[in-house]
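Peer 1: generate a structure from the sequence data that follows.
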Amino acid sequence: MKAGFIALGRHPLLIPALVVLNILAVVGMFIAYREPHGGDLYTYQALADGLLHGEYSMWWQLPVDVPDTLRNPGYPVFLALFRIFSKSLVPVQIVQTLLYCLSVFWTVKLIQRLGGSRAAVTVFLLLLLPSINIAFYNTSLFAETLTLFFVTAFMHVATAGQLGPGRAVLMGLLLGAAFQCRSPLLYLPFVWAAVVWWSDRRRAVLAPLAVFLVTFVATTVPYGLWSLRNHGVYSVTPIEGGAGVLHFGWWTGRIPGHTENWYWGNFASVEMVDFVPPEQVPAEVEAFDAEWRTIDSAVAPLMNSTDTLMLAAREENRNLFKSFNSRYTLERERLLKEATLRNVKEKPGYTFLHSAYTAVRMWVTGVQMDKFQGASMVGKVAQLYPFLLTLVMFLMAVLLVPWALLRDKGLWKKWLTPLLLCVYFGLIHIPAHIQSRYTIPVRMLMMALIALALVKWFARRNSAASTGRP
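Peer 2: Numbers count the residues shown, from 1 in each chain. Presented below is the predicted three-dimensional model:
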């Protein structure tokens, strides 16, 4: 059977057939989810329209300046390029689907560059075929598909040959673009450069690595200067969100089923694991609200007349987030950070267990237990399918990839960059609110590593069976 599997991977018609099936699956997902979706749909559109009117703001129609505090401009700029010509989102969805397909092509090229056989490409395409959780974002107004494209493009360039100045500049630009879509990627270039230097230790690599880092840093400067001009601080990431995400992320395990109304209206999902007894949840919700009341009352005196106009406008458009003035926002972030650190110190056991669970959930699509229990059979299957699919993928990754690396020490250097990207995406988002979509940009890289490792496992088992060794 194992020999048959390897032989199957060599069949000349199998890869073309899988390519066609994957294309049909992508087209099917496009048709099924062609209605624009995504919780950030309205805010991204508003920011894009603001850019076209000369303001980086969701509230550009107001008679006063309300500079954005929430998002890096990467995805709004992407949308604005389309909205110059049409307000329809169909062109955006089509281009995102094409970027997804190009990402698939580059991932196949990566497998081949890493020494993968036709069997490894076959396994990757087989793994990708049922992975509708990735193609789902092609028609959504989230930055995941665009970030996937930039990350995969970076991977494609990074593995194309010896690192030189020209390639280093392009790689810096690609990670700079990815960072403007997802601000947690700020540290990735520095981590990657440090690991590459540690693994290589040649002086010749220092200059291109320096060029790479300088290029990346240069891409962050325009937004940093914009923040300095509009918020009085030089910040290459939005002045709002970091502390708020950490704060709510810490509380999610203690307030399942609760929607907060203080910040962005986030919902704490009802997970498969209880971190507090269900009867204790109401008390935890009250403690969460009490903490927020203290913070809210402390920053309330910092509100100004611009905030009043913004809040009045929001009564007519609840789809947009609040954008308070700079002093208010910065002070609120500081207080949220202090509250989170205090909570971590007071409950280290819960913090560790919840973080460990989140480390897995970042890769495994969860089952919303409150919705699952009341769902029809079709509804239950709709939730179980992505859960089981992503769980199997995760287990294969954590079992097969380390096995392959331990069996062949030479793989570490070859697999270094895709492995580092996957690990970085998984770790950097642990403190955040549990959302498995944050790892979408590296799911294809993870599947590429699984495919390479799985073929090695089959080959080894086949070799052992033919020689009679266990």
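
Peer 1: find the least confident helix or strand in this protein, judged by mean pLDDT.
Peer 2: helix 2-9 (a mean of 55; mean pLDDT, DSSP states H and E).

Peer 1: now the very next helix or strand once past that one - C-alpha only, PDB.
Peer 2: For helix 2-9, the following helix or strand on the C-terminal side (DSSP states H and E) is helix 14-32. The C-alpha coordinates for helix 14-32 follow below in PDB (Å, rounded to 0.1, in the frame of the first residue of the first chain):
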ATOM      1  CA  LEU A  14      -2.900  12.800 -11.300                       C
ATOM      2  CA  ILE A  15      -1.500  16.300 -10.700                       C
ATOM      3  CA  PRO A  16      -3.400  17.900 -13.600                       C
ATOM      4  CA  ALA A  17      -6.600  16.200 -12.300                       C
ATOM      5  CA  LEU A  18      -6.000  17.600  -8.900                       C
ATOM      6  CA  VAL A  19      -5.300  21.100 -10.300                       C
ATOM      7  CA  VAL A  20      -8.600  21.000 -12.100                       C
ATOM      8  CA  LEU A  21     -10.400  19.800  -9.000                       C
ATOM      9  CA  ASN A  22      -8.900  22.600  -6.900                       C
ATOM     10  CA  ILE A  23      -9.900  25.200  -9.500                       C
ATOM     11  CA  LEU A  24     -13.400  23.800  -9.400                       C
ATOM     12  CA  ALA A  25     -13.400  24.000  -5.600                       C
ATOM     13  CA  VAL A  26     -12.200  27.600  -5.700                       C
ATOM     14  CA  VAL A  27     -14.900  28.500  -8.200                       C
ATOM     15  CA  GLY A  28     -17.500  26.700  -6.100                       C
ATOM     16  CA  MET A  29     -16.400  28.700  -3.000                       C
ATOM     17  CA  PHE A  30     -16.500  31.900  -5.000                       C
ATOM     18  CA  ILE A  31     -20.100  31.200  -6.100                       C
ATOM     19  CA  ALA A  32     -21.200  30.000  -2.700                       C
END
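
Peer 1: tell me which residues of helix 14-32 are tucked away?
Peer 2: 14-15, 18-19, 22, 25-26, 29-30 (16 or more other Cβ atoms under 10 Å). Where you see a C-beta, it was placed from the backbone N, CA and C, and this is true even at glycine.

Peer 1: next one: stretch 97-111
Peer 2: Across stretch 97-111, burial judged by 16+ other Cβ under 10 Å covers 97, 99-101, 103-104, 106-111.

Peer 1: what mean pLDDT does the helix of greatest length in the chain get?
Peer 2: Looking across the chain with DSSP state H, the single longest helix is helix 377-407. Helix 377-407 carries an average pLDDT of 92.

Peer 1: next secondary structure element downstream of the host helix or strand of residue 166?
Peer 2: For residue 166, the element it lies in under DSSP H and E is helix 165-181. Moving toward the C-terminus from helix 165-181, the next helix or strand (DSSP H and E) is helix 188-200.

Peer 1: average pLDDT for that next one?
Peer 2: 91.

Peer 1: what's it packed up against?
Peer 2: Contacts defined by 3 or more Cβ pairs under 8 Å, 6 or more residues apart in numbering; DSSP states H and E place helix 188-200 against helix 165-181, helix 206-231, helix 416-428.

Peer 1: how does it look with 6 Å?
Peer 2: If you count contacts as 3 or more Cβ pairs under 6 Å, 6 or more residues apart in numbering; DSSP states H and E, helix 188-200 packs onto helix 206-231, helix 416-428.

Peer 1: using a markdown table, please lay out those together with mean pLDDT, mean neighbour count and distance to residue 351.
Peer 2: A markdown table is the format used below for the helices and strands packed on helix 188-200 (pLDDT from 0 to 100; neighbours: other Cβ atoms under 10 Å; distance: least, Cβ to Cβ, whole Å):
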| stretch | mean pLDDT | mean neighbour count | distance to residue 351 |
| --- | --- | --- | --- |
| helix 206-231 | 96 | 17 | 31 |
| helix 416-428 | 94 | 19 | 15 |
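
Peer 1: closest one to residue 327 among those helices?
Peer 2: Nearest of the helices and strands packed on helix 188-200 to residue 327, taken as Cβ to Cβ: helix 206-231 at 9.0 Å.

Peer 1: residues contacting the following helix or strand past that closest one, please?
Peer 2: Following helix 206-231 in sequence order, the next helix or strand is helix 242-251 (DSSP H and E). By Cβ atoms under 6 Å, 6 or more residues apart in numbering, the surrounding residues in contact with helix 242-251 are 263, 266, 288, 333, 336-337, 340, 343, 431-433.

Peer 1: continuing past helix 242-251, what's the next helix or strand?
Peer 2: Counting by DSSP H and E, the next helix or strand C-terminal to helix 242-251 is helix 281-299.

Peer 1: can you point out the buried residues in that next one?
Peer 2: The neighbour-count check on helix 281-299 (16+ other Cβ under 10 Å) flags 281, 284-285, 288-289, 291-292, 295, 299 as buried.

Peer 1: pLDDT score for the nearest residue to residue 339 once chain neighbours are set aside?
Peer 2: Spatial nearest neighbour of residue 339, chain neighbours left out: residue 291 (5.7 Å); criterion: Cβ to Cβ, 6 or more residues apart in numbering. Each residue has a pLDDT score; the one for residue 291 is 97.

Peer 1: ok, now residue 37?
Peer 2: Looking at residue 37, its pLDDT is 68.

Peer 1: residue 324 contacts residue 307, correct?
Peer 2: Yes: taking contacts as Cβ atoms under 6 Å, residue 324 lies within contact range of residue 307: 5.3 Å.

Peer 1: which of those two has more neighbours?
Peer 2: residue 324 (21 against 17; other Cβ atoms under 10 Å).

Peer 1: burial check on the nearest residue to residue 114 once chain neighbours are set aside, number of neighbours?
Peer 2: Excluding its sequence neighbours, the residue lying closest to residue 114 (Cβ to Cβ, 6+ apart) is residue 414, at 5.5 Å. Residue 414: 16 surrounding residues under other Cβ under 10 Å.

Peer 1: okay, now the unreliable bits of the chain?
Peer 2: Applying pLDDT under 70 to the chain flags the ranges 1-11, 37-39, 201, 434, 462-470.

Peer 1: switch the cut-off to 80
Peer 2: Scanning the chain for pLDDT under 80 picks out the ranges 1-12, 36-39, 200-204, 370, 373-374, 432-436, 460-470.

Peer 1: check which helices and strands whatever helix or strand residue 345 lives in is in contact with.
Peer 2: For residue 345, the element it lies in under DSSP H and E is helix 326-346. Applying 3+ Cβ pairs under 6 Å, 6+ apart, we find helix 326-346 packed against helix 242-251, helix 281-299.

Peer 1: that older thread, and the contacts of helix 242-251, which of them are buried?
Peer 2: Buried among those (16+ other Cβ under 10 Å): 263, 266, 288, 333, 336, 340, 343, 431-433.

Peer 1: what would these look like in TSV with distance to residue 376?
Peer 2: Output for these, formatted as TSV (distance: Cβ to Cβ, whole Å):
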residue	distance to residue 376
263	34
266	27
288	33
333	43
336	40
340	39
343	39
431	36
432	32
433	28
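
Peer 1: returning to what we had before: mind checking which of the helices and strands packed on helix 188-200 is nearest residue 60?
Peer 2: helix 206-231 (13.0 Å).

Peer 1: who are the packing partners of that closest one?
Peer 2: For helix 206-231, the contact count by 3+ Cβ pairs under 6 Å, 6+ apart identifies helix 165-181, helix 188-200 as packing neighbours.
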